[in-house]
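**Q** Sequence and computational prediction follow.
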Number of protein chains: 2
Amino acid sequence: MESEPSRVMVAVNESTIKGYPHASISSKKAFEWTLRKIVRDNTSGFKLLLLHAQVQDEDGFDDVDSIYASPDDFRHMRERNKAKGLHLLEFFVNKCHEIGVGCEAWIRRGDPTEVICHEVRRVRPDFLVVGSRGLGPFQKVFVGTVSEFCVKHAECPVIVIKRNADESPQDPADD
Amino acid sequence: MESEPSRVMVAVNESTIKGYPHASISSKKAFEWTLRKIVRDNTSGFKLLLLHAQVQDEDGFDDVDSIYASPDDFRHMRERNKAKGLHLLEFFVNKCHEIGVGCEAWIRRGDPTEVICHEVRRVRPDFLVVGSRGLGPFQKVFVGTVSEFCVKHAECPVIVIKRNADESPQDPADD
């Protein structure tokens, strides 16, 4: 029997509808599935590595009324974004703490697919869990599928947890 | 916490080099990985569903000297093949028994991709584990990849365990 806990990376992101600090439906589902079906009551046997890839291009999208007049304004915006990302991670870390499973959480800026695959190479988890909105082929063209990219390119086993139909908002691209 | 154990389907097949009753390198690896990284010492928390899809087209390929003169000859051949499949499953069931994790094992005839996806729909496991030879794109064209098909089509989460480079025989298509 392995003495070291199994290290499970879970990629988490914010809700596209409610925004920070709310977790997306699919990443919350992937996280809860991992606890319920894999960790179960063997909390000392697992360590969750919670990675939030923060999309750079969307920084400040919800600050449309802001005026950026100096380098400081941008620095403040970045700090606010980082704080939002931390609030997101706090939700998952609190849940781990409640049930008594060890965890580490961190934020990386950039394209989620690249960030996740890069972090897999760097921290070498035993496996990676990613949520998926379960989009049809037509929707995939426009919103991309981080999970499919990870299945192909991440250098560790990957398990994709699809959102249930009854958990989906009216527009399936929302999450 | 779930009171029912997590039901994990593991697809297993015979070695292409050594034949029955030997397990393929990749399905043995997928099975052992599941025990080491997921089940760990929580043996009461999991039940393994061991499915062997027996390829129909290859029946009797190792009986090239046999003469089939009556319907009975074919029946006997099918019985011999079934017995071989059972020997393969025995290896996995014995391992489960040794470590004390519950299991069920069975054989279905047919194309492995169709058989696995059909059995997933029928028995509804919590997730499916499949091994993969980790072939390059050129080799994939000729030997097909059961794991890729399952990731796309199986109606449950799928985790693909790739064979290590150092476990691969000289010809990577062997398993």
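**A** Sure thing, it's come through.

**Q** Would you check that residue A:14 makes contact with residue A:24?
**A** Yes. Counting by CB atoms under 8 Å, residue A:14 sits close enough to residue A:24 to count as a contact (6.2 Å). Using the backbone N, CA and C atoms, a C-beta is placed for each residue, glycine as well.

**Q** mind checking how far residue A:116 is from chain B?
**A** Going from residue A:116 to chain B by CB to the nearest CB, to the nearest Å gives 16 Å.

**Q** quick one, what contacts that residue?
**A** Counting by CB atoms under 8 Å, 6 or more residues apart in numbering or on different chains, residue A:116 makes contact with A:9, A:11, A:51, A:53, A:128, A:130, A:146, A:150, A:154.

**Q** Also near chain B: which of these, exactly?
**A** Checking the contacts of residue A:116 against chain B by CB under 8 Å from any CB of the partner chain, not one of them is in range.

**Q** neighbours of the residue in chain A that chain B sits nearest to, just the number please.
**A** Nearest to chain B in chain A, going by CB to the nearest CB, is residue A:42, at a distance of 4.0 Å. Each residue near residue A:42 was counted by other CB atoms under 10 Å in any protein chain shown, and the total is 18.

**Q** Ok, the one 3 residues further on next?
**A** As a burial measure, the neighbour count of residue A:45 was computed by other CB under 10 Å and equals 23.

**Q** nearest residue to it other than its sequence neighbours?
**A** Nearest non-adjacent residue to residue A:45, counting by CB to CB, 6 or more residues apart in numbering or on different chains: residue B:40, 4.4 Å away.

**Q** Around that neighbour, how many other residues sit close by?
**A** Neighbours of residue B:40 (other CB under 10 Å): 20.

**Q** Buried ones in the one helix or strand residue A:74 maps to, by neighbour count?
**A** Using DSSP states H and E, residue A:74 falls within helix A:71-99. Applying a neighbour-count criterion of 16 or more other CB atoms under 10 Å in any protein chain shown, one finds A:80, A:81, A:84, A:85, A:86, A:88, A:89, A:91, A:92, A:93, A:95, A:96 buried in helix A:71-99.

**Q** cool, and stretch A:112-124?
**A** A:112, A:113, A:115, A:116, A:117, A:119, A:120.

**Q** per-residue confidence averaged over it?
**A** Averaged across stretch A:112-124, the pLDDT comes to 96.

**Q** Now do that stretch: distance to the chain's middle.
**A** 12 Å (CA atoms, centre = their mean, to the nearest Å).

**Q** in chain A, which spans are helices?
**A** A:25-33, A:71-99, A:112-123, A:137-143, A:146-153 (DSSP state H).

**Q** Mean pLDDT lowest where, among the ones you listed?
**A** Among the helices of chain A, helix A:137-143 scores lowest, at a mean of 62.

**Q** these two touch, right, the residue nearest to residue A:45 and residue A:42?
**A** Yes. Counting by CB under 8 Å, residue A:42 is a contact partner of residue B:40 at 6.1 Å.

**Q** near chain B, which residues of chain A?
**A** So chain A meets chain B at A:1-2, A:6, A:33, A:36-38, A:40-42, A:45, A:126-127, A:151, A:157-162 (CB under 8 Å from any CB).

**Q** repeat that with 10 Å
**A** With CB under 10 Å from any CB of the partner chain as the criterion, chain A meets chain B at residues A:1-2, A:5-8, A:30, A:33, A:35-42, A:44-46, A:99, A:126-129, A:132, A:147-148, A:151-152, A:155-162.

**Q** Next up, phi/psi of the residue of chain A most remote from its centre, please.
**A** In chain A, counting by CA atoms, centre = their mean, residue A:69 sits farthest out from the average C-alpha position, at 32.1 Å. Dihedral pair for residue A:69: phi -110, psi -10, per degrees, to the nearest 10.
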